[in-house]
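>>> Show me how the following folds:
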Amino acid sequence: MHPFDPKSALLAKHAQHVVLVHFPIALFLTGVAFDFAARWTKRATLAAAARLNVLASAVFVLPTLATGFVAWQWQFEGKKLRGLLLLHLVLGCTSALLICLVACIQFRRRSASDSALPGYNLPLELLAAVVVALTAHLGGFLSGVNIPG
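You can find the predicted model right below:
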(Lines give C-alpha, C1' and ligand atoms only; values in the text may rest on other atoms or scores of the structure.)
Protein backbone atom coordinates (compact mmCIF):
# COMPACT_ATOMS: atom_id res chain seq x y z
CA MET A 1 0.00 0.00 0.00
CA HIS A 2 1.36 3.39 -0.98
CA PRO A 3 1.15 5.98 1.86
CA PHE A 4 -0.31 8.67 -0.42
CA ASP A 5 -2.88 6.49 -2.18
CA PRO A 6 -6.27 7.80 -0.96
CA LYS A 7 -8.21 4.87 -2.39
CA SER A 8 -6.29 2.25 -0.42
CA ALA A 9 -6.35 4.39 2.72
CA LEU A 10 -10.08 5.12 2.63
CA LEU A 11 -11.21 1.66 1.60
CA ALA A 12 -9.08 -0.37 4.00
CA LYS A 13 -11.27 -2.66 6.04
CA HIS A 14 -10.67 -0.91 9.37
CA ALA A 15 -9.18 2.47 8.39
CA GLN A 16 -12.13 4.65 9.30
CA HIS A 17 -12.41 3.27 12.83
CA VAL A 18 -8.71 3.73 13.45
CA VAL A 19 -8.92 7.36 12.34
CA LEU A 20 -12.20 8.30 14.07
CA VAL A 21 -11.45 6.68 17.43
CA HIS A 22 -8.94 9.38 18.37
CA PHE A 23 -11.55 12.15 18.40
CA PRO A 24 -13.81 10.92 21.23
CA ILE A 25 -10.81 9.77 23.26
CA ALA A 26 -9.00 13.12 23.04
CA LEU A 27 -12.14 15.23 23.45
CA PHE A 28 -13.41 13.28 26.44
CA LEU A 29 -10.11 13.11 28.32
CA THR A 30 -9.53 16.82 27.69
CA GLY A 31 -13.05 17.56 28.89
CA VAL A 32 -12.47 15.60 32.08
CA ALA A 33 -9.18 17.43 32.68
CA PHE A 34 -10.93 20.78 32.14
CA ASP A 35 -13.72 19.75 34.52
CA PHE A 36 -11.26 18.83 37.27
CA ALA A 37 -9.39 22.12 36.67
CA ALA A 38 -12.68 24.05 36.76
CA ARG A 39 -13.59 22.51 40.11
CA TRP A 40 -10.15 23.27 41.49
CA THR A 41 -9.90 26.87 40.24
CA LYS A 42 -13.65 27.72 40.29
CA ARG A 43 -13.43 29.19 36.76
CA ALA A 44 -16.57 29.18 34.67
CA THR A 45 -14.62 29.30 31.41
CA LEU A 46 -12.93 25.98 32.20
CA ALA A 47 -16.30 24.47 33.07
CA ALA A 48 -17.68 25.67 29.72
CA ALA A 49 -14.67 24.21 27.89
CA ALA A 50 -15.17 20.93 29.74
CA ARG A 51 -18.84 20.82 28.79
CA LEU A 52 -18.12 21.51 25.10
CA ASN A 53 -15.39 18.86 24.94
CA VAL A 54 -17.56 16.23 26.61
CA LEU A 55 -20.55 17.00 24.37
CA ALA A 56 -18.36 16.86 21.25
CA SER A 57 -16.92 13.52 22.38
CA ALA A 58 -20.44 12.13 22.73
CA VAL A 59 -21.18 13.21 19.17
CA PHE A 60 -18.04 11.46 17.85
CA VAL A 61 -18.81 8.26 19.80
CA LEU A 62 -21.62 7.32 17.42
CA PRO A 63 -19.61 7.16 14.17
CA THR A 64 -16.73 5.56 16.05
CA LEU A 65 -18.97 2.75 17.30
CA ALA A 66 -20.52 2.36 13.86
CA THR A 67 -17.14 2.07 12.12
CA GLY A 68 -15.99 -0.41 14.76
CA PHE A 69 -18.97 -2.66 14.00
CA VAL A 70 -18.40 -2.24 10.26
CA ALA A 71 -14.71 -3.16 10.67
CA TRP A 72 -15.77 -6.28 12.57
CA GLN A 73 -18.15 -7.29 9.79
CA TRP A 74 -15.68 -6.56 6.97
CA GLN A 75 -12.50 -7.87 8.49
CA PHE A 76 -13.89 -10.86 10.37
CA GLU A 77 -17.02 -11.42 8.27
CA GLY A 78 -19.22 -11.26 11.36
CA LYS A 79 -17.57 -14.23 13.09
CA LYS A 80 -18.07 -14.59 16.81
CA LEU A 81 -15.48 -12.52 18.68
CA ARG A 82 -13.20 -13.95 21.36
CA GLY A 83 -10.36 -12.81 23.56
CA LEU A 84 -9.05 -9.27 23.20
CA LEU A 85 -11.47 -8.42 20.39
CA LEU A 86 -14.46 -9.31 22.53
CA LEU A 87 -13.04 -7.43 25.51
CA HIS A 88 -12.35 -4.41 23.28
CA LEU A 89 -15.95 -4.52 22.00
CA VAL A 90 -17.43 -4.74 25.50
CA LEU A 91 -15.19 -1.99 26.86
CA GLY A 92 -15.84 0.16 23.77
CA CYS A 93 -19.60 -0.08 24.25
CA THR A 94 -19.19 0.61 27.97
CA SER A 95 -16.99 3.63 27.18
CA ALA A 96 -19.58 4.94 24.75
CA LEU A 97 -22.34 4.53 27.32
CA LEU A 98 -20.33 6.27 30.03
CA ILE A 99 -19.32 9.13 27.72
CA CYS A 100 -22.96 9.66 26.70
CA LEU A 101 -24.07 9.50 30.35
CA VAL A 102 -21.52 12.15 31.36
CA ALA A 103 -22.57 14.26 28.35
CA CYS A 104 -26.23 14.00 29.38
CA ILE A 105 -25.36 15.17 32.89
CA GLN A 106 -23.36 18.07 31.45
CA PHE A 107 -26.16 18.95 29.01
CA ARG A 108 -28.83 18.85 31.73
CA ARG A 109 -26.69 21.14 33.87
CA ARG A 110 -26.44 23.62 31.00
CA SER A 111 -30.20 23.52 30.43
CA ALA A 112 -30.92 24.15 34.09
CA SER A 113 -30.33 27.67 35.29
CA ASP A 114 -26.71 27.58 36.53
CA SER A 115 -27.22 24.52 38.69
CA ALA A 116 -24.13 22.83 40.04
CA LEU A 117 -23.08 19.41 38.82
CA PRO A 118 -24.06 16.52 41.10
CA GLY A 119 -21.46 15.19 43.51
CA TYR A 120 -21.18 11.89 41.66
CA ASN A 121 -20.16 13.59 38.40
CA LEU A 122 -16.39 13.72 38.98
CA PRO A 123 -16.12 10.07 40.14
CA LEU A 124 -18.23 9.06 37.14
CA GLU A 125 -15.95 11.06 34.81
CA LEU A 126 -12.89 9.45 36.37
CA LEU A 127 -14.38 5.96 35.95
CA ALA A 128 -15.26 6.74 32.33
CA ALA A 129 -11.73 8.07 31.68
CA VAL A 130 -10.21 4.84 33.06
CA VAL A 131 -12.52 2.67 30.92
CA VAL A 132 -11.76 4.82 27.83
CA ALA A 133 -8.00 4.52 28.47
CA LEU A 134 -8.23 0.74 28.93
CA THR A 135 -10.30 0.40 25.75
CA ALA A 136 -7.78 2.50 23.83
CA HIS A 137 -4.89 0.46 25.22
CA LEU A 138 -6.50 -2.79 24.03
CA GLY A 139 -7.23 -1.18 20.66
CA GLY A 140 -3.54 -0.39 20.37
CA PHE A 141 -2.68 -4.04 20.86
CA LEU A 142 -5.26 -5.07 18.28
CA SER A 143 -3.96 -2.58 15.72
CA GLY A 144 -0.36 -3.63 16.26
CA VAL A 145 0.79 -0.33 17.77
CA ASN A 146 1.42 -1.67 21.28
CA ILE A 147 3.24 -4.85 20.30
CA PRO A 148 6.17 -5.43 22.68
CA GLY A 149 9.68 -5.37 21.29
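
>>> Show me what the strand or helix carrying residue 57 packs onto, helices and strands only.
Residue 57 belongs to helix 44-76 when elements are defined using DSSP states H and E. Applying 3 or more Cβ pairs under 8 Å, 6 or more residues apart in numbering; DSSP states H and E, one finds that helix 44-76 contacts helix 15-20, helix 22-41, helix 83-111. Every C-beta, even on glycine, is put in place using the N, C-alpha and C of the backbone.

>>> Report the angle between that helix and helix 22-41.
Interaxial angle, helix 44-76 versus helix 22-41 (axes from the mean of the first three to the mean of the last three Cα atoms, to 10 degrees): 160 degrees.

>>> any low-confidence regions in the chain?
Residues of the chain meeting the criterion pLDDT under 70: 1-15, 110-115, 144-149.

>>> What are the buried residues along the helix holding residue 57?
Buried residues in helix 44-76, counted by 16 or more other Cβ atoms under 10 Å: 46-47, 49-58, 60-61, 64-65, 67-68, 71-72.

>>> how big is the angle separating that helix from helix 83-111?
150 degrees.

>>> Distance from the chain centre to helix 44-76, please.
5 Å (Cα atoms, centre = their mean, to the nearest Å).

>>> and what of stretch 67-81?
For stretch 67-81, the distance to the chain centre is 19 Å (Cα atoms, centre = their mean).

>>> same deal with stretch 130-148?
13 Å.

>>> what about the residue nearest to residue 132 when sequence neighbours are not counted, neighbour count?
Excluding the flanking residues, the one nearest residue 132 by Cβ to Cβ, 6 or more residues apart in numbering is residue 95, at 4.8 Å. Neighbours of residue 95 under the rule other Cβ atoms under 10 Å: 26.

>>> go on, residue 36?
16.

>>> show me the contacts for it.
Shown in contact with residue 36 (Cβ atoms under 8 Å, 6 or more residues apart in numbering): 122, 125.

>>> Repeat that for residue 99.
24, 28, 54, 57-58, 61, 128, 132.

>>> please redo it, this time with the cut-off set to 10 Å
24-25, 27-28, 31-32, 54-55, 57-61, 64, 125, 128-129, 131-132 (Cβ atoms under 10 Å, 6 or more residues apart in numbering).

>>> I'd like to know how far it sits from residue 34.
Residue 99 sits 15 Å away from residue 34, going by Cβ to Cβ, to the nearest Å.
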